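Asker: need a 3D model of the sequence below.
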Amino acid sequence: MRKIITIFGSSLPVFGENQYEDAYKLGSMFAANGFDLCTGGNSGIMEAVSRAAVDNGARAIGITLNGSFGSHNTFLTEHKAHDTLFERIQALIETGDAYVALQGGTGTLLEMAAVWEFMNKGFLREKPFACHGRIWKPVVDSMEEQIQREKRKTGLVKYFETIEECAEYIIHTLRTS
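Answerer: Numbers count the residues shown, from 1 in each chain. You can find the predicted model right below:
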């Protein structure tokens with residue numbers, strides 16, 4: 001069975017913008033390496049990743065929230081809708097064999113924090129988790145300091161400067177696990 005990478009990110013970027021193009025490039029790299037992709041199924045980064053999956057022969061799984069954020073993007077090959085935000089986040093987490101957080105707002109932060117906390121507390125086995133986007137570097141650095149003070153496991157979320165480094169880490173880790 002093909003492994004699935006869940007990608008979190010903003011619904012706001014549009015085709016042609018850097019964040020959209022970065023998400024498309026990342027999704028293309030994952031799909032070309034034999035991975036299926038899962039997102040929140042809406043517009044922006046989620047659409048770019050879904051488009052990249054389909055363009056490169058992979059599944060584009062969208063996990064949406066009933067009655068919110070308009071309709072799901074048209075590139076999904078599978079669509080699963082949930083009634084509550086917490087059910088949706090749980091499904092996004094359970095579906096992924098690895099995770100990537102791209103540029104986003106509070107929704108992306110919530111998804112990232114949920115995965116991080118579940119792994120930190122042992123509710124979820126450790127899985128590769130990378131983030132890209134200047135917003136995440138200070139978040140990861142600050143949290144790593146706090147986690148170290150709490151004598152918990154550091155290094156669960158890794159920050160990367162480039163999309164290529166982010167992809168290489170996830171691809172290599174999934175292939176060797």
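Asker: can we go C-alpha only for contacts and neighbour counts from here?
Answerer: OK.
Asker: ok, now how distant is residue 84 from residue 131?
Answerer: 25 Å (C-alpha to C-alpha, to the nearest Å).
Asker: likewise for residue 10?
Answerer: Distance, residue 10 to residue 131, using C-alpha to C-alpha: 13 Å.
Asker: contacts only, for residue 37.
Answerer: Going by C-alpha atoms under 8 Å, 6 or more residues apart in numbering, residue 37 touches 4-7, 27, 30-31, 49-50, 53, 58-61.
Asker: tell me the phi and psi of it?
Answerer: Main-chain dihedrals, residue 37, degrees, to the nearest 10: phi -120, psi 140.
Asker: in the sheet, who's paired with it?
Answerer: For residue 37, the beta-bridge assignment (DSSP bridges) gives partners residue 5, residue 60.
Asker: and the pLDDT at it?
Answerer: pLDDT, residue 37: 98.
Asker: same check, this time on residue 133
Answerer: Per-residue pLDDT puts residue 133 at 88.
Asker: correct me, but it touches residue 105?
Answerer: No. In terms of C-alpha atoms under 8 Å, residue 133 does not count as a neighbour of residue 105; the distance is 11.2 Å.
Asker: higher neighbour count, the two?
Answerer: residue 133 (18 against 13; other C-alpha atoms under 10 Å).
Asker: tell me the spacing between the more buried one and residue 4.
Answerer: 21 Å.
Asker: in which helix or strand would I find residue 94?
Answerer: If you go by DSSP states H and E, residue 94 is part of helix 85-95.
Asker: burial check on residue 173, number of neighbours?
Answerer: Neighbours of residue 173 using other C-alpha under 10 Å come to 14.
Asker: which element is it on?
Answerer: Using DSSP H and E, residue 173 sits within helix 163-176.
Asker: equivalent analysis for residue 79, please.
Answerer: With DSSP H and E as the test, residue 79 turns up in strand 78-82.
Asker: quick one on the thing from earlier: adding pLDDT, neighbour count and distance to residue 155, write the contacts of residue 37 out as JSON lines.
Answerer: Shown next, in JSON lines, are the contacts of residue 37 (pLDDT from 0 to 100; neighbours: other C-alpha atoms under 10 Å; distance: C-alpha to C-alpha, whole Å):
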{"residue": "4", "pLDDT": "98", "neighbour count": "23", "distance to residue 155": "21"}
{"residue": "5", "pLDDT": "98", "neighbour count": "28", "distance to residue 155": "19"}
{"residue": "6", "pLDDT": "98", "neighbour count": "24", "distance to residue 155": "19"}
{"residue": "7", "pLDDT": "98", "neighbour count": "30", "distance to residue 155": "19"}
{"residue": "27", "pLDDT": "98", "neighbour count": "33", "distance to residue 155": "23"}
{"residue": "30", "pLDDT": "98", "neighbour count": "24", "distance to residue 155": "22"}
{"residue": "31", "pLDDT": "98", "neighbour count": "25", "distance to residue 155": "26"}
{"residue": "49", "pLDDT": "98", "neighbour count": "35", "distance to residue 155": "25"}
{"residue": "50", "pLDDT": "98", "neighbour count": "36", "distance to residue 155": "28"}
{"residue": "53", "pLDDT": "98", "neighbour count": "30", "distance to residue 155": "28"}
{"residue": "58", "pLDDT": "98", "neighbour count": "24", "distance to residue 155": "29"}
{"residue": "59", "pLDDT": "98", "neighbour count": "24", "distance to residue 155": "29"}
{"residue": "60", "pLDDT": "98", "neighbour count": "28", "distance to residue 155": "28"}
{"residue": "61", "pLDDT": "98", "neighbour count": "27", "distance to residue 155": "28"}
